[in-house]
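>>> Got a sequence here, can you build the structure:
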Amino acid sequence: MGSFKSDQNVSFAAPRAFGKRLKSDLKETFFPDDPFRRFGDGGGAVQRVKKVLKYFIPILEWLPKYNLSMFKYDLLAGITITSLAIPQGISYAKLATLPPIIGLYSSFVPPLVYAVFGSSKHLAVGTVAACSLLISQIIGRVASPEEEPTLYLHLVFTATLVTGVFQATLGFLRLGILVDFLSHSTILGFMGGTAVIISLQQLKGMLGLTHFTSKTDVFSVLHAVFTRTNEWKWQSAVVGIVFLLFLQFTRFLRNRNPKLFWVSAMAPMVTVVVGCLFAYFINGSQHGILTVGHLSKGINPVSIHFLNFDSKYISVVVQTGLITALVALAEGIAIGRSFAIMKNEQIDGNKEMVAFGLMNILGSFTSCYLTTGPFSKTAVNFNAGCRTAMSNIVMAIFMALTLLFLAPLFSYTPLVTLSAIIMSAMFGLIKYEEMYHLLKVDKFDFCICMAAFLGVALLSMDVGIMLSVGLALLRALLYMARPATCKLGKITNSSLYRDVEQYPNATRIPGIIVLQLGSPVYYANANYIRERIFRWVRDEQTISDTNDGSVEHVLLELSGVTSIDMTGIETLVEIHRSLHANGIQMGIINPRIVVMEKMIASDFTETIGKENIYLSVDDGVERCRDLVPKLKQTGGSDETSISFAMEQLHRNLNLQ
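Numbers count the residues shown, from 1 in each chain. Sure, this is the predicted structure:
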């Protein structure tokens, strides 16, 4: 006989109280990082209050440790990103069909708020192209920025408030899991498709067109460009191409030598300055080169009284706020995490959501529109050697000085210059190599990416992202409804049991099937799991019919089953009943605590017998080997009864 290992180590403890289980589930769902562990590490009430404040207001954590040597790096980084923030602010405001000064306002207040509440050392705050275009596209459906500019601007401020409230709420409730539904493939395709349509839209500025379409799909944009050839201005095109080539050349230098990052960072500002001088001295408006126009001095005026909650527009405002909130969160948090990993650091996603929310709420009160963490500005901030979020404060200070004293100088900025800056930035967002990598590694992920890319480019931005997210959710549902199961075999000269498909040399155990389930068992997949187990038994029985021995034991290895519902329990009962009726014994191996509690509470452990629940595969196999001779002695000698039982098994399993 084999060396049987007692099952006395299997825990059949009474299920935990409901309150304890609920607390554990809520903690794992909303507080997986255990953020409050630091508050219980001793100290009096004052110390605990300080810890709480430091946790919710990160600047209180790093500011007392701040020193002059760190400030030198942050000062350089702050000045560098300011030089990028000015042209980007004007450009992206133009993309959102907003007054250019709004883009500059948006680089003053939000960075100050983020520096106080943000957890990333490297993230640089600013406006982004994708959200700018989304705002223009969705709000433009109910208010024309050309015909109703005041109403349009007020609705943008209101949408920014909705964005901020939604982001902050997600952070406070620790619901960052919602952002996780925007997968890497979705974001990659969305940003690529957005880059394509934004680049094509810049043909309006590059060619000096005065009339254009408000639609964003590729066909509408190209139709608008080529049906107005009479408006094309070659002077504007020549200037735009020269600036675009210059910007692309600086990007090429940066890619060849990362130490020259500052060349690429300063290039947009150089382009704006040169463009202003060029337009001023040649009187560009008389030669087909349109300029930004008047920019007034002064820091952000209060805009809280401009918020518009009219029922006629509220649905569009809420739609804009929710969509842009998720896109901005996904982009900002992903970028912050990417640069934190490079320094072997971590950022708190929920804190980031709160910080983004607060800066957009306060921004909507101070004439700003949606801001987040743009990749280009953050990359420049990181490469410039920033040490803390002080670089955002430095940028805000220099932006305030620009607004107070220098803003009118940028009124001569040619629109073609802004178009060249935007196009150059967009070229870097189309990640051809990453898309090809998806195609090689995971075809379904590539389809998700292409759904976003083509949906955004050919239909609209919101439709494109919904198509991609829907396809990703469909894949997740397929994973849940068709979970992975496998048959285990024993690795030679070891006590390990592994998937026989992955390890073909793993030895089959005569008379015993060990099946591993790798997902929760619940109503959505219970029927599939039952049918799959019966198919394994039929396949094994076919093999047994051509060799010696028949299937007498089915062991279900459940260490990968994290949860089970009543449908799952009833399915296991049904499987046990069907197998037992056909002379096959079922065993359970290593159920986790949540699963074991459900089994005990539902009396499944009594139905199957506690002696048939094992701590390990090895224990189960040894026990089954000991039982095989006994089963044969009690009822297996009669060939007729065996044959009848096998026929019944085949009939029953086929019916299932």
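
>>> rest of the way, CA atoms for contacts and neighbours
Noted.

>>> residue contacts, the closest residue to L222 other than its chain neighbours?
Leaving aside its chain neighbours, L222 sits nearest to L200 (7.5 Å; criterion: C-alpha to C-alpha, 6 or more residues apart in numbering). Contacts for L200 (C-alpha atoms under 8 Å, 6 or more residues apart in numbering) come out as 218, 221-222.

>>> Now with 10 Å, please.
Listed by C-alpha atoms under 10 Å, 6 or more residues apart in numbering, the contact set of L200 reads 194, 206, 216-218, 221-222, 225, 419, 423.

>>> ok but it is inside a strand, no?
No - assigned with DSSP: H, G, I helix; E, B strand; the rest coil, L200 falls outside any strand and is helix.

>>> From A224, how far out is it?
Using C-alpha to C-alpha, to the nearest Å, L200 is found at 11 Å from A224.

>>> re earlier: neighbour-wise, which of the contacts of L200 leads?
Neighbour tally across the contacts of L200 (other C-alpha atoms under 10 Å): the maximum, 31 neighbours, falls on T194.

>>> Neighbours of N612, how many?
By other C-alpha under 10 Å, 18 other residues sit near N612.

>>> Hmm, H576 and it touching each other?
No - when contacts are counted by C-alpha atoms under 10 Å, N612 is not listed as touching H576 (11.3 Å).

>>> residues shared between the contacts of these two?
585-587.

>>> gap between the two ends of stretch 120-127?
Using C-alpha to C-alpha, one end of stretch 120-127 lies 17 Å from the other.

>>> chain center to that stretch: distance?
In terms of C-alpha atoms, centre = their mean, to the nearest Å, the centre of stretch 120-127 is found 18 Å from the chain centre.

>>> What mean pLDDT does it get?
The pLDDT scores in stretch 120-127 average 92.

>>> Could you check the pLDDT of the residue nearest to L222?
Confidence score, pLDDT, at L200: 88.

>>> Any figure for the gap between it and S494?
According to C-alpha to C-alpha, L200 and S494 sit 62 Å apart.

>>> Next, work out how far apart S315 and L170 are.
Distance, S315 to L170, by C-alpha to C-alpha: 20 Å.

>>> In terms of neighbours, single out the busier of these two.
Neighbours were counted for S315 and for L170 using other C-alpha under 10 Å; L170 has more, 20 against 12.

>>> my read: the more buried one touches L322, true?
No - L170 is not in contact with L322 according to C-alpha under 10 Å; the separation is 11.3 Å.

>>> Find the residues that touch each one of the two.
Common contacts of L170 and L322 (C-alpha under 10 Å, 6+ apart): G164.

>>> hey, what's in contact with both of L200 and A224?
Contact criterion C-alpha under 10 Å, 6+ apart; residues shared by L200 and A224: V218.

>>> Before we go further, L556 is sitting in a strand, right?
Yes - checked against three-state DSSP, L556 lies within a strand.

>>> Look at it and report its pLDDT.
On pLDDT, L556 comes in at 95.

>>> who touches A265 in this structure?
Counted by C-alpha under 10 Å, 6+ apart, A265 has contacts 80-85, 247, 250-251, 254, 376-377, 379-381, 383-384.

>>> Narrow the residues you listed to those in helices?
Members of the contacts of A265 lying in helices (criterion: DSSP state H): 80-85, 247, 250-251, 254, 376-377, 379-381, 383.

>>> For the stretch 451-600 of the chain, give me the ranges with low pLDDT.
544-549 (pLDDT under 70).

>>> those helices in the stretch 351-500 of the chain, which residues are they?
375-383, 390-401, 415-427, 432-441, 443-458, 461-481 (DSSP state H, counting those that start in this stretch).

>>> domain assignment for the protein?
The chain breaks down by automatic domain parsing into domains covering 61-476, 483-655.

>>> Which of the ones you listed sits closest to Y55?
domain 61-476 (7.8 Å; C-alpha to C-alpha).

>>> And the closest one, how far out from the chain middle?
On C-alpha atoms, centre = their mean, the centre of domain 61-476 falls 18 Å from the chain's centre.

>>> Pull up the distance across it, start to finish.
Domain 61-476 end-to-end distance (C-alpha to C-alpha) = 39 Å.

>>> Check stretch 431-447 too.
Terminal residues of stretch 431-447 lie 15 Å apart, using C-alpha to C-alpha.

>>> Please spell out which residues along that stretch are buried.
By neighbour count with 16 or more other C-alpha atoms under 10 Å, stretch 431-447 contains the buried residues 435, 438, 445-447.

>>> Show me the contact partners of that stretch.
Contacts for stretch 431-447 (C-alpha under 10 Å, 6+ apart): 183-186, 188-189, 191-192, 448-451, 453, 468, 471-472, 475.

>>> let's see 6 Å
Here stretch 431-447 makes contact (C-alpha atoms under 6 Å, 6 or more residues apart in numbering) with S185.

>>> Looking at it now, give me its mean pLDDT.
Across stretch 431-447, pLDDT averages out at 91.

>>> cool, stretch 281-292 as well?
pLDDT averaged over stretch 281-292 gives 72.

>>> do stretch 169-179 as well
Averaged over stretch 169-179, pLDDT sits at 80.

>>> Now the terminal residues of it, how far apart.
For stretch 169-179, the first-to-last residue distance is 13 Å (C-alpha to C-alpha).

>>> Same question for stretch 290-301.
One end of stretch 290-301 sits 27 Å from the other (C-alpha to C-alpha).
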